[in-house]
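[1] With the sequence up front, the predicted model follows.
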Amino acid sequence: MKKIYQIETGDFKKEVVASCFEEAIISAFAIEPPKNPGSLVRMRLKNPIKGNKEHQELHKWHYQDIKSALK
């Protein structure tokens, strides 16, 4: 199931449709690579379904090392 994710690092901010965080990062960086990446990439689900615990957990910001995200 595809969902809308927010991906941010440094001054880079994108919203992409993907099925998981990894796919969202790849999609966001493929559209436009970050010019000033920060040390971390933060990501979250944009519009969680109310009452769905999995979606509520994905709505919190998740952080990943930029080098791992770019591999």
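    Structure's in. What do you need?
[2] And Gln32, how close does it get to Glu54?
    One thing to correct before we go on: residue 32 is Glu, not Gln. For Glu32, the distance to Glu54 (CB to CB, to the nearest Å) stands at 29 Å. C-beta: built from backbone N, CA, C; applies to glycine.
[3] Quick check: closest non-adjacent residue to Glu32.
    Nearest residue to Glu32, sequence neighbours excluded (CB to CB, 6 or more residues apart in numbering): Lys14, at 7.1 Å.
[4] so the one you found sits in a strand?
    Yes - counting by DSSP: H, G, I helix; E, B strand; the rest coil, Lys14 is part of a strand.
[5] who's in contact with it?
    6-8, 28, 31-32 (CB atoms under 8 Å, 6 or more residues apart in numbering).
[6] Helix or strand: which one has the residue lying closest to Phe12 once chain neighbours are set aside?
    Excluding the flanking residues, the one nearest Phe12 by CB to CB, 6+ apart is Pro34, at 3.7 Å. Using DSSP states H and E, Pro34 maps to neither a helix nor a strand.
[7] Counting by contacts, list what the helix of greatest length in the chain packs against.
    Ranked by number of residues, the top helix in the chain under DSSP state H is helix 21-31. Judged by 3 or more CB pairs under 8 Å, 6 or more residues apart in numbering; DSSP states H and E, the packing partners of helix 21-31 are strand 3-9, strand 12-18, strand 40-45, strand 62-65, helix 66-70.
[8] avg pLDDT for the second one?
    This means strand 12-18. Average pLDDT, strand 12-18: 94.
[9] Name the residues of it that are buried.
    12, 14, 16, 18 (16 or more other CB atoms under 10 Å).
[10] which neighbours does that strand have in its sheet, and in what orientation?
    If you go by DSSP bridges, strand 12-18 pairs up with strand 3-9 (antiparallel).
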